[in-house]
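# Provided below for reference: sequence and predicted model.
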Amino acid sequence: MHATAELLIDGRWMPASQGLEVPSLDPANGSQIGCFSAATRADAEAAISAARRAFEKPTWAQSPRLRQNVMNEWASRLEHKAEALAQLLTQENGKVIAQSRGELMGAISEIRYYAGLARHIPGHVLEVEPGVFSTMLKEPAGVAGIIVPWNAPVILLIRSITPALAAGCTCVVKPAPQSALITAAVIRELADVTGLPPGVVNLVSEQGHDVAQLLTSSPEVDVVSFTGSNLTGQRIMAAAAPTMKKLSLELGGKSCCLVFEDADIDHIAPQLAAAATVISGQQCTAARRVLVHASRYEAMKKALASALAAIKVAPGNTPGAQMGPLIDLSTTELVQRRIEQAMDDADEVILRGQRLGGNLRLGGFVSPTLVAHRDASASFVQEEIFGPLVVLEKFETETEAVARANHTEFGLSASVWTEQGARAWRIARALRNGTVWINDHNKLCAEAETGGYRRSGLGRLHGFDALIDFTEIKHIYQNVGVLEPPKG
């Protein structure tokens, strides 16, 4: 029996208005695992209208205790079904099961974090003159369109929808077609929570772009939160401009790992290999450039090549698997072409990755590639290639290391590897990135804001400041006068 993901509109699960269902495929072998209802523009309009009606009632927007209770119950329901959901995530997305389990646990933690914040979104009051008060009230922004990518569909849904719900917004969720089943399964656990008003959360899957285009252009949508490519982010900004929407955009990255001469190469090379191949290299913060001090370059070259070659590529549920397939065959072909071009253009190919055949021939399985290159302006050094490609570079000084790392249009994340605490902070401060890890990589948590400088996005996700994109500040002015002391 295949799973079917229907639409959720105004509290009711339903098929798409035109009845279209699209197959959902396992990226490991191309087999059908279910299908999802493909919404039309009319379905999206109905979902937006339902979210607007729910927002205009005070039941949700002005009831922080209700919001907290609903979100905590949602987290508990997900916790109860975490293993089944992790298995579905691996089946639909391809990532190894350990990563799927970690993603579910991170999502549950994030829901509980924002459930706690739902009852503490404080404003402030100023007495600007005697008896004259200015109150700054934080209010929910309105209807939020949540456009979810396929690479980490659970946590990337949760980190957008939970601050929106905590703030009092209502939502329309549009998942990626490659991960519609897991998104619907997670949303179903929320929809079944007693006390959630109809229309607060709506789900509309699609095969094309009509729903996403409506979310970004409709005057009835107040906020759009999107994680994905720079090109799509630019299109969203352009479409949202006429209605002046609030935007939360986490876009591409080309994360640099700066390795200094005092680093333990044998210890950190496996960590860098894991950071480069997380979700098969399909993560915006994945380690893509390794900049190493010239005195340790040869040691890193050998150790990193060995660590990447040792990565076990297999279906996500295979015992010991460290890297699964890319999301689908069309993506695999595109990424493989770009990796092959990088190998053609690089100064040196240290580890030649390839499309894997045999019993893996039906899936998008690609082994890791490591190249070395001097010119930091080369296209494959600059552009985000969403797969297991690592570029090795060398530097002589701290100044050169920072200059090379900052020579990019991105600014999402980086890591610094050194035993000198002062140097670590000095370099971290100089890097133009929204997140810098010291002697670690890819560590994200609910409490700490994440986002990018430059073309890596707008706004922040995670942490208290994620609420900013889903709230408005209202100034309420009142002259109440003063109580004069009695005369005499």
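Now that the structure is in, tell me what you want to look at. Numbers count the residues shown, from 1 in each chain.
# Using the three-state scheme, assign the residue most central in space within the chain.
With distances taken as Cα atoms, centre = their mean, the chain has residue 156 as the residue nearest its mean C-alpha position (4.1 Å). Three-state call for residue 156 (DSSP: H, G, I helix; E, B strand; the rest coil): helix.
# and what of the one 10 residues further on?
Following three-state DSSP, residue 166 is assigned to helix.
# ditto for residue 279
helix.
# Confirm for me that the residue nearest to the centre of the chain is in contact with residue 150.
No: between residue 156 and residue 150 there is no contact under Cβ atoms under 8 Å: 9.0 Å. Heads up, the C-betas are built off the backbone N, CA and C, glycines and all.
# Quick check: mean pLDDT of stretch 243-254?
Computed over stretch 243-254, the mean pLDDT rounds to 93.
# should've said stretch 108-124
The average pLDDT within stretch 108-124 is 96.
# Ok, stretch 78-88 next?
Here the average pLDDT along stretch 78-88 is 97.
# ok, now stretch 416-430?
Stretch 416-430 shows a mean pLDDT of 96.
# what are the C-alpha coordinates of the helix ranked longest in the chain, in PDB please?
When the chain is parsed with DSSP state H, its longest helix is helix 97-117. Output of helix 97-117 as PDB, limited to C-alpha atoms (Å, rounded to 0.1, in the frame of the first residue of the first chain):
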ATOM      1  CA  ILE A  97      19.100   6.700   8.500                       C
ATOM      2  CA  ALA A  98      21.300   8.200  11.200                       C
ATOM      3  CA  GLN A  99      21.000  11.600   9.600                       C
ATOM      4  CA  SER A 100      17.200  11.100   9.400                       C
ATOM      5  CA  ARG A 101      16.900  10.200  13.000                       C
ATOM      6  CA  GLY A 102      19.100  13.200  14.000                       C
ATOM      7  CA  GLU A 103      16.900  15.500  11.800                       C
ATOM      8  CA  LEU A 104      13.700  14.300  13.600                       C
ATOM      9  CA  MET A 105      15.300  14.800  17.000                       C
ATOM     10  CA  GLY A 106      16.500  18.300  16.100                       C
ATOM     11  CA  ALA A 107      13.000  19.200  14.800                       C
ATOM     12  CA  ILE A 108      11.300  18.100  18.000                       C
ATOM     13  CA  SER A 109      13.800  20.100  20.000                       C
ATOM     14  CA  GLU A 110      13.100  23.200  17.900                       C
ATOM     15  CA  ILE A 111       9.400  22.900  18.300                       C
ATOM     16  CA  ARG A 112       9.700  22.800  22.100                       C
ATOM     17  CA  TYR A 113      12.100  25.800  22.000                       C
ATOM     18  CA  TYR A 114       9.600  27.900  20.100                       C
ATOM     19  CA  ALA A 115       6.700  26.600  22.200                       C
ATOM     20  CA  GLY A 116       8.500  28.100  25.200                       C
ATOM     21  CA  LEU A 117       9.000  31.500  23.400                       C
END
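# name the helices or strands packed onto it?
Under the contact criterion of 3 or more Cβ pairs under 8 Å, 6 or more residues apart in numbering; DSSP states H and E, helix 97-117 touches helix 64-80, helix 82-93, helix 153-167.
# Not counting sequence-adjacent ones, nearest residue to the residue nearest to the centre of the chain?
Excluding the flanking residues, the one nearest residue 156 by Cβ to Cβ, 6 or more residues apart in numbering is residue 227, at 5.0 Å.
# Deepest-packed of the helices and strands packed on helix 97-117, please.
helix 153-167 (a mean of 27; mean count of other Cβ atoms under 10 Å).
# after that helix, next one along is what?
Later in the chain than helix 153-167, the nearest helix or strand by DSSP states H and E is strand 170-174.
# now what about that following strand, what contacts it?
Strand 170-174 is contacted by residues 44, 47-48, 51-52, 54-55, 60-61, 142-148, 157, 161, 164-165, 183, 187, 199-206, 211-212, 215, 221 when judged by Cβ atoms under 8 Å, 6 or more residues apart in numbering.
# Show me how to select, in ChimeraX, the buried members of those residues.
In ChimeraX, this line selects whichever of the contacts of strand 170-174 come out buried by 16 or more other Cβ atoms under 10 Å:
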select :44,47,48,51,52,54,55,60,61,142,143,144,145,146,147,148,157,161,164,165,183,187,199,200,201,202,203,204,205,206,211,212,215,221
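# The contacts of strand 170-174 in helices, which ones?
44, 47-48, 51-52, 54-55, 60-61, 157, 161, 164-165, 183, 187, 211-212, 215.
# State the helix or strand in which residue 257 lies.
Element membership of residue 257 [criterion: DSSP H and E] is strand 255-259.
# Please name the strands paired to that strand in the sheet, noting orientation.
Looking at strand 255-259 with DSSP bridges, its partner strands are strand 287-293 (parallel), strand 413-417 (parallel).
# Could you count how many residues lie near the residue nearest to residue 156?
Residue 227: 25 surrounding residues under other Cβ atoms under 10 Å.
# Would you mind measuring from residue 381 to residue 408?
9 Å (Cβ to Cβ, to the nearest Å).
# the more surrounded of the two?
Each of residue 381 and residue 408 has its neighbours counted (other Cβ under 10 Å); residue 408 has more, 26 against 23.
# For the more buried one, list the residues it contacts.
254, 256, 382, 454.
# if I've got this straight, it is in a helix?
No: Residue 408 is assigned coil when assessed by three-state DSSP, not a helix.
# Could you report the pLDDT at it?
With respect to pLDDT, residue 408 scores 95.
# could you pull out the helices for the stretch 351-488 of the chain?
Under the criterion DSSP state H, counting those that start in this stretch, the stretch 351-488 of the chain carries helices at the ranges 379-382, 398-406, 421-430.
# name the helices or strands packed onto the shortest one?
Helix 379-382 sits against helix 329-345, strand 389-395, with contacts defined as 3+ Cβ pairs under 8 Å, 6+ apart.
# re the thing from before, outside of the strand holding residue 257 itself, list whatever touches it.
So strand 255-259 is contacted by 265, 268, 272, 275, 285-293, 296, 300, 395, 401-402, 404-405, 408, 412-418, 427, 431, 433, 441 (Cβ under 8 Å, 6+ apart).
# again, but for stretch 37-47
Residues from elsewhere that reach stretch 37-47 (Cβ under 8 Å, 6+ apart): 4-10, 14-18, 20-22, 172, 174, 177, 202-208, 210-211, 214-215, 218.
# One more: stretch 353-369?
So stretch 353-369 is in contact with 26-30, 94, 273, 276-277, 280-281, 308-309, 311, 313-315, 323-329, 331-332, 335-336, 339, 342-343, 349, 351-352, 387-390, going by Cβ under 8 Å, 6+ apart.
# What subset of those residues is buried?
Among those, the ones that count as buried by 16+ other Cβ under 10 Å are 26-28, 94, 273, 276-277, 280-281, 308, 311, 313-315, 323-328, 331-332, 335-336, 339, 342-343, 351, 387-390.
# how about the residue lying closest to residue 153 once chain neighbours are set aside, what does it touch?
Nearest non-adjacent residue to residue 153, counting by Cβ to Cβ, 6+ apart: residue 179, 3.8 Å away. Contacts for residue 179 (Cβ under 8 Å, 6+ apart) come out as 92-93, 148-150, 153.
# The closest residue to residue 387 other than its chain neighbours and residue 389: what is the separation?
The spatially closest residue to residue 387, leaving aside those adjacent along the chain, is residue 335, at 3.8 Å (Cβ to Cβ, 6+ apart). Separation of residue 335 from residue 389 (Cβ to Cβ): 8 Å.
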